[in-house]
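A.B. asks: Prediction below, plus the sequence it came from.
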Amino acid sequence: MSRAPISIAAIAGLMALAFSGRVDAQRGRGGAQPPAPPPRAAAPFDLTGYWVSIVTQDWRWRMVTPAKGDFQGFQLTPEAIKIADAWDPAKDEAAGEQCRSYGAPALMSVPGRLHITWQDDNTLKVETDAGTQTRLFHFGDYQAPANAPRTWQGVSLAQWQTPRGNVPLIFRPADRTAGGAPPVRPGGGSLRVVTNQIRAGYLRKNGVPYSQNAVLTEHWDRYKRPNGEEWLTITQQIEDPQNLRNVKLIAPVFKKEANGAKWDPTPCSSRW
Amino acid sequence: MLVAVVTVIRKGKAVRRILWAAFILAAMLPTAPAFAQIDLTGTWVRSSQSDNGNSPFQNDLLGIPLSADGRAKALSYDIASLSATERQCQMYPPLYAITGPFPLQISIVQDPITTRLLGWNIAGWGDRDGTMIWMDGRPRPSQYAPHSHGGFTTGEWQGDTLTAVTTHFKMGDMKRHRAFSSDRATMTYRFDRHGDILTLTGILEDPVYLAEPYVLTEIFRLTTNPNNFPLTACEPIEELPRLHENPALVLHYLPGKQPFVNEPTQRWNIPIEAVQGGPETIYPEYRKKLKDKYVAPPPVPRGGRGEQQ
């Protein structure tokens, strides 16, 4: 090995160790490190409450069941087209699979309401009235039970992404650096959720398929408007090479409601 | 730990390299918190996987929370009016950043003396004015100030999200050639970056033509190969002789005379009251009103169903 890589490696390692030491110093020397707050307490923003879908995009594919063979907006593999061409809602009903279009990759696009609560300090629960589904977002080092059967909502691992504390000078607004003071960084952040181990289902009510190997990656971004309204954009990436020739990218939008007065649980339907 | 590493380093180059790499990774990983990203510079290619702005029908107003005036304005519009010389090169309003076909080319603008950030610039395109998002706290112009196609935009960071508000833009298309926003409208952008994915949420508010905010999203991917960024100049030509023979002619449809109003209903079986938009149509409960009225159209034949998009 040449001298340069060793030097670079050594410097990098020492820097990392030094940084770790600084963190330890902040936590106090000699004593046990205080436990990190649980995800519920560490949440950079509050998602709990009732949220309603705002259907301003893809209306004719979300608000009604589109015609069989209407795949516009998807780049499907030949295998997927074959599955979609065989779509038969009556057959799904007979098999007790009316919830095929309510699985995790499709659920946030189904018009309806969300009820979000904390099931416990490490688990965020997202219920939908459309299809009466429940998604559980597990924080930390959650391990799904071995040999657990696949479900429509699969297994979701969640992580808060918080704003960085020190923004490079070049990106700081000038009015926040007056007097050399550190920039004021209003709160915010994002919730990242990765879901897999799902049952195969439909991305669109008319049988556009996803496989059980699909992986859904989401970022939940909540924002408050000056008029007090709270909105939520959920950026979704759906990867399923078996059925999709590219990564499906969509971002459904929700608006917060004051209460659950309009919460209207309805069962899954394969036709409507 | 260091002693162990040094001992092993004495054995073979390949092993040493692997162990050094592992050592660095092990040392660095605990120090890498889950931060979002705030640098928006670069060229972002849109994914175009939603129907924003796209429809085969001029009177497809699905999902637009139009006011009564907004619906009347949309139905009076004759797309042939775009052939008037003075309209051929008119630019789209700010919402076109979401509904248009082009990538976003974003750069920073610095104070030449202090190098501090003055603003973020989204380059213009053939039919879209550039957007300068001022970050230096400058005041918004008077409401009587001249309006441009791009408008006046200020921004601020909310967490790691850039939020920008545009005012002072001219009347323009809300959904390409189908509905319109007035010159009193306000557009709010939110730029959420997640790795190489950029989600742009646009909230358009208009006291004249909208009953509620019109919210659209588009997702972009950072590209290092931005050769799909054609800048084209628009040159007006004579398109419709009747417009040039009679410059006073303003093409339009009188109320109730829009000849294409039934096209989406005929094609998709969606009731006409839904096709014409309105605030109630964007909420889930509207589906109940449709349930007994809607029958899915016949299967789409091969070649016409979009699977090759």
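C.D. replies: Everything's here; your move. Note that the structure is predicted; figures quoted are calculated from it, not measured. Numbers count the residues shown, from 1 in each chain, chains lettered A, B, ... in the order given.

A.B. asks: From now on I want contacts and neighbour counts done on CA atoms only, so please keep to that.
C.D. replies: Fine.

A.B. asks: Strands of chain B, residue ranges please.
C.D. replies: Taking DSSP state E, the strands of chain B run over residues B:42-46, B:104-110, B:117-122, B:131-134, B:152-158, B:161-167, B:172-175, B:179-181, B:186-194, B:197-205, B:214-223.

A.B. asks: which of these sits most buried?
C.D. replies: Comparing the strands of chain B by mean neighbour count (mean count of other CA atoms under 10 Å in any protein chain shown), strand B:179-181 comes out on top with a mean of 25.

A.B. asks: Show the average pLDDT along stretch B:116-133.
C.D. replies: Stretch B:116-133 carries an average pLDDT of 90.

A.B. asks: How far off centre is that stretch?
C.D. replies: Remark: stretch B:116-133 is offset 14 Å from the chain centroid, using CA atoms, centre = their mean, to the nearest Å.

A.B. asks: Quick one, grab the pLDDT at the residue of the stretch 101-250 of chain B found nearest chain A.
C.D. replies: Closest residue of the stretch 101-250 of chain B to chain A, CA to the nearest CA: B:G159 (4.2 Å). If you check B:G159, the pLDDT there is 80.

A.B. asks: Report the separation between the closest residue to it other than its chain neighbours and B:P259.
C.D. replies: Nearest residue to B:G159 in three dimensions, chain neighbours excluded: A:G188, at 4.2 Å (CA to CA, 6 or more residues apart in numbering or on different chains). Remark: distance between A:G188 and B:P259 (CA to CA, to the nearest Å) = 49 Å.

A.B. asks: Show me which of the two is the more surrounded one.
C.D. replies: A:G188 (21 against 11; other CA atoms under 10 Å in any protein chain shown).

A.B. asks: what's the neighbour count on the one residue in the stretch 1-150 of chain B that gets nearest to chain A?
C.D. replies: Nearest residue of the stretch 1-150 of chain B to chain A, counting by CA to the nearest CA: B:G63, 4.2 Å away. Look at B:G63: counted by other CA under 10 Å, it has 26 neighbours.

A.B. asks: pLDDT at it, what is it?
C.D. replies: 97.

A.B. asks: Residue in the stretch 101-250 of chain A with the shortest distance to chain B?
C.D. replies: A:G188 (4.2 Å).

A.B. asks: how about that residue, what does it touch?
C.D. replies: Contact analysis of A:G188 by CA atoms under 8 Å, 6 or more residues apart in numbering or on different chains lists A:44-45, A:162-163, B:158-161.

A.B. asks: So which of these wins on neighbours?
C.D. replies: Of all the contacts of A:G188, B:D160 has the most neighbours under the rule other CA under 10 Å, reaching 28 neighbours.

A.B. asks: Would you mind listing the buried residues in stretch A:236-252?
C.D. replies: Neighbour-count burial for stretch A:236-252 flags A:236-245, A:247-252 (criterion: 16 or more other CA atoms under 10 Å in any protein chain shown).

A.B. asks: Ok, stretch A:54-73 next?
C.D. replies: For stretch A:54-73, by 16+ other CA under 10 Å, it's A:54-73.

A.B. asks: Which members of these occur in helices, if any?
C.D. replies: Using DSSP state H, A:59-62 are the members of the buried residues of stretch A:54-73 that sit in helices.

A.B. asks: which of those lies closest to B:P264?
C.D. replies: A:R60 (10.1 Å; CA to CA).

A.B. asks: Which residue, other than its chain neighbours, is closest to the closest one?
C.D. replies: Using CA to CA, 6+ apart, the nearest residue to A:R60 is A:P66, at 6.8 Å.

A.B. asks: Could you measure from that neighbour over to A:W59?
C.D. replies: 10 Å.

A.B. asks: Overlap of the contact sets of those two?
C.D. replies: With CA under 8 Å, 6+ apart applied, the contact sets of A:P66 and A:W59 do not overlap.

A.B. asks: Please, where are all the helices along chain B?
C.D. replies: Using DSSP H, helices in chain B cover B:2-9, B:13-28, B:68-76, B:96-99, B:241-245, B:263-268, B:272-275, B:286-291.

A.B. asks: How about the secondary structure of the residue nearest the centre of chain A?
C.D. replies: Geometric centre of chain A, nearest residue: A:E218, 2.9 Å, by CA atoms, centre = their mean. Following DSSP: H, G, I helix; E, B strand; the rest coil, A:E218 is assigned to strand.

A.B. asks: residue ranges of the strands in chain A, please?
C.D. replies: In chain A, the segments counted as strands under DSSP E are A:49-54, A:113-120, A:123-128, A:134-138, A:155-161, A:190-196, A:201-204, A:208-210, A:215-224, A:230-239, A:248-250, A:253-257.

A.B. asks: So which bits of the second one are buried?
C.D. replies: Along strand A:113-120, these residues count as buried under the neighbour rule (16+ other CA under 10 Å): A:113-118.

A.B. asks: hmm, back to that, what about the residue nearest to B:G159, distance to B:L290?
C.D. replies: A:G188 is 39 Å from B:L290, by CA to CA.

A.B. asks: what do you get for B:W125?
C.D. replies: Look at B:W125 and B:L290: by CA to CA, they are 40 Å apart.

A.B. asks: quick one, which of these two is more surrounded?
C.D. replies: Legend: neighbour count by other CA under 10 Å for B:W125 and B:L290, higher for B:W125 (21 against 15).

A.B. asks: ok, that one touching B:P101?
C.D. replies: No: contact criterion CA atoms under 8 Å: B:W125 and B:P101 do not qualify, at 9.9 Å.

A.B. asks: residue contacts, residue 86?
C.D. replies: Chain wasn't specified; assuming chain A. Shown in contact with A:A86 (CA under 8 Å, 6+ apart): no residues.

A.B. asks: nope, chain B
C.D. replies: Neighbour list for B:E86: B:P236 [criterion: CA under 8 Å, 6+ apart].

A.B. asks: how close does it sit to B:Y96?
C.D. replies: According to CA to CA, B:E86 stands 20 Å off from B:Y96.

A.B. asks: near chain A, which residues of the stretch 201-309 of chain B?
C.D. replies: B:201, B:214-219, B:268, B:281-285, B:287, B:290-291, B:294, B:296-302, B:305-309 (CA under 8 Å from any CA of the partner chain).
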